[in-house]
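1. my questions concern the predicted model and sequence given below.
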Amino acid sequence: MKIASVVVLLGVLSAAPMPGGESLWLVGATVYDGTGGPPLAEAVIRVKDDRIACIGGIDDCPVPEEARRLDLQGQFITPGLVDAHVHFAQTGWFDGRPDSRIGRAFYDFEELQRSLRARAGRWHRTFLCAGVTAVYDMGGLPWTLDLAALAEDHPARVHVRAAGPLITHADSIMPLFQALESGAFLPMGSDAEAVASVRALAEMGAGAVKVWYLAPAPEIREEMDARLRLIGREARALGLPLVVHATERREARVALEAGARMLVHSVGDQALDEAFLALTRDSGAYYVPTLRVAQNWARARASVALGTPPEIDDPNGCIGPRTRRVIRDVDRLQASLPENERTLDRVLGHLARAAERRAVMDANLRRVHAAGIPIATGTDAGNPLTFHGPAIYQEMEAMERAGIPADEVLVMSTRNGAAAMGRLEDFGTLEAGKLADLVVLEEDPGTSTAAYRSITRVMRAGVLQEVGWLDAKQMATF
């Protein structure tokens, strides 16, 4: 066993709950419980086993003199963060997206998927290091469906709900995502195929039916719209929620009409009108903005085109050396781009278009918020420069800059994410009886989302760990 692994093991054990069901009291912090109510100053949280046994003031939760306690005066506690849109089968770089064409000649997608499946713990660690304790995996190869059961009762892993392979009419992409004798996409080329794809997901144990609904060509638009509705009916019949990638207003409307329970991206092509907002509100669907991912794609392409390694936003050092090494290797990636893609004018054009679309997305997020539509924070982690774990900071800050108050972003990133996953009874708010999943911060998250960059401790299922035990230096092989 490597020395780094021993260090981490000791760190986890030192934070483990006391034997015999003894309790740990967290004393003195200001607590935001995730419900949207006012913060509780000088709070006490009693944790027993993997649950919150008591939360309140000192009179509500008296602390015995002999108690195992941690004094946290001047600090802040919130529920663990929930990222409602991630991809375990991607890496944060182009090697996980063969459809980008960048580096396809020398990246081995088969070997990558084998490695990710064997060592999915790398992403669990980076999520926990950043304060994320639950995620909704929005699509990947069938192996991602095993993650939920493997992680649920493990304090060193985040909660997972997974959609598995995505259904799409974009046939050309399917061969690119084949690996491990399976694929990340299923067809909807006919009614029979669409129904068979939904049933296959149910048999695999998928937690949702995800449709990757790019804007269909005009000549097949009516047919595909009808097929999406058919998929929605079949999903409902099998008790599975429909979640849809639809980034244009027309396709997002069709998704809602088909019964989508979640729009997993912002609408970015045009302003949302009152009819769309009413439809979304009446449906009860969650809106997941993913404001940063498109701009991160543009930044990643720019770094390759210009041969300049990108900056990595990772305040707690969560991202492992393997990821950093791959991202630094931009010189040979330049050759993957046509020469006309390497010009400064072309790069600036890509960045400008991403910024223009982002402005539309920001405005639409404000409209969705004003309309009272439930919003859940999601990053699309795994896409180029959208890293598992730390990406949540950029996303929350982007939501605040778009006009959502920090204390409401907090709720969207905890309670609403858990509700979107169908797990609010278990986590997402800090209440007696719920799982003890929480984070400790030095700065006030109710006044600024940037406070989450000051996380010092993460508790998952009653096990409290220092962020330093989770950083990449302790896991040198990741």
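-> Happy to help now that I have it.

2. show me the residue sitting in the middle of the protein in space.
-> The residue lying closest to the centre of the chain (CA atoms, centre = their mean) is Asp83, at 3.2 Å.

3. checking the residue nearest to it when sequence neighbours are not counted next. Helix, strand or coil?
-> What sits nearest to Asp83 in space, not counting adjacent residues and going by CB to CB, 6 or more residues apart in numbering, is Val135, at 4.7 Å. From N, CA and C alone the C-beta is placed, and that goes for glycine too. Here Val135 is strand, with the state taken from DSSP: H, G, I helix; E, B strand; the rest coil.

4. bridged to Val135, which residues?
-> Note on Val135: beta-bridge partners by DSSP bridges are Asp83, Val160.

5. where's Leu214 relative to Arg249, distance?
-> 14 Å (CB to CB, to the nearest Å).

6. tell me how far Arg69 lies from Asp59.
-> 16 Å.

7. more neighbours, the two?
-> Arg69 (17 against 7; other CB atoms under 10 Å).

8. got the domain boundaries for the protein?
-> 3-79+428-474, 81-296+345-420 (automatic domain parsing).

9. so of these, which one's packed in deepest?
-> Mean neighbours per residue, mean count of other CB atoms under 10 Å, is largest over the domains of the chain for domain 81-296+345-420, with a mean of 21.

10. what's the span of that domain, first residue to last?
-> 13 Å (CA to CA, to the nearest Å).

11. state the helix or strand in which the nearest residue to Gly259 once chain neighbours are set aside lies.
-> The shortest distance from Gly259 to any non-neighbouring residue, by CB to CB, 6+ apart, is to Gly232 (3.9 Å). Assigned by DSSP states H and E, Gly232 falls within helix 221-237.

12. after that helix, next one along is what?
-> By DSSP H and E, the next helix or strand past helix 221-237 is strand 242-245.

13. which strands and helices lie in contact with that next one?
-> With contacts defined as 3 or more CB pairs under 8 Å, 6 or more residues apart in numbering; DSSP states H and E, strand 242-245 has these neighbours: strand 209-212, helix 221-237, helix 249-257, strand 260-263.

14. report the helix or strand with the lowest average pLDDT across the chain.
-> When each helix and strand of the chain is scored by mean pLDDT, DSSP states H and E, helix 3-15 comes last, with a mean of 38.

15. immediately after that one, which helix or strand?
-> strand 23-27.

16. that next one pairs with which strands, and in what direction?
-> strand 44-48 (antiparallel), strand 68-71 (parallel).

17. take the next helix-or-strand element following the shortest one, keep the C-alpha atoms, and write them as CSV.
-> Read it as strand 68-71. On the C-terminal side of strand 68-71, the closest following helix or strand by DSSP H and E is strand 76-79. Extracted C-alpha coordinates of strand 76-79, given in CSV (Å, rounded to 0.1, in the frame of the first residue of the first chain):
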residue,chain,number,x,y,z
PHE,A,76,-20.9,28.2,9.1
ILE,A,77,-22.7,24.9,8.3
THR,A,78,-25.0,24.0,5.4
PRO,A,79,-26.2,20.8,4.0
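
18. sheet partners, orientation included, of strand 76-79?
-> Counting by DSSP bridges, strand 76-79 is paired with strand 30-31 (parallel), strand 438-441 (antiparallel).

19. hmm, the residue nearest to Asp83 is touching His124, no?
-> No - shown here, Val135 and His124 do not form a contact pair, counting by CB atoms under 8 Å, at 9.1 Å.

20. give the residue farthest from the middle of this protein.
-> The chain, CA atoms, centre = their mean, max distance from centroid: Glu65 (40.8 Å).

21. separation between that one and Trp25?
-> 11 Å.

22. pull the contacting residues for Gln178.
-> Phe109 (CB atoms under 8 Å, 6 or more residues apart in numbering).

23. look up which residues are beta-bridged to it.
-> With DSSP bridges as the rule, Gln178 is bridged to Gly183.

24. any idea how far it is from Pro142?
-> In terms of CB to CB, Gln178 sits 12 Å off from Pro142.

25. ditto for Asp49
-> Asp49 is 33 Å from Pro142, by CB to CB.

26. cool, Gly56 as well?
-> On the measure of CB to CB, Gly56 and Pro142 end up 45 Å apart.
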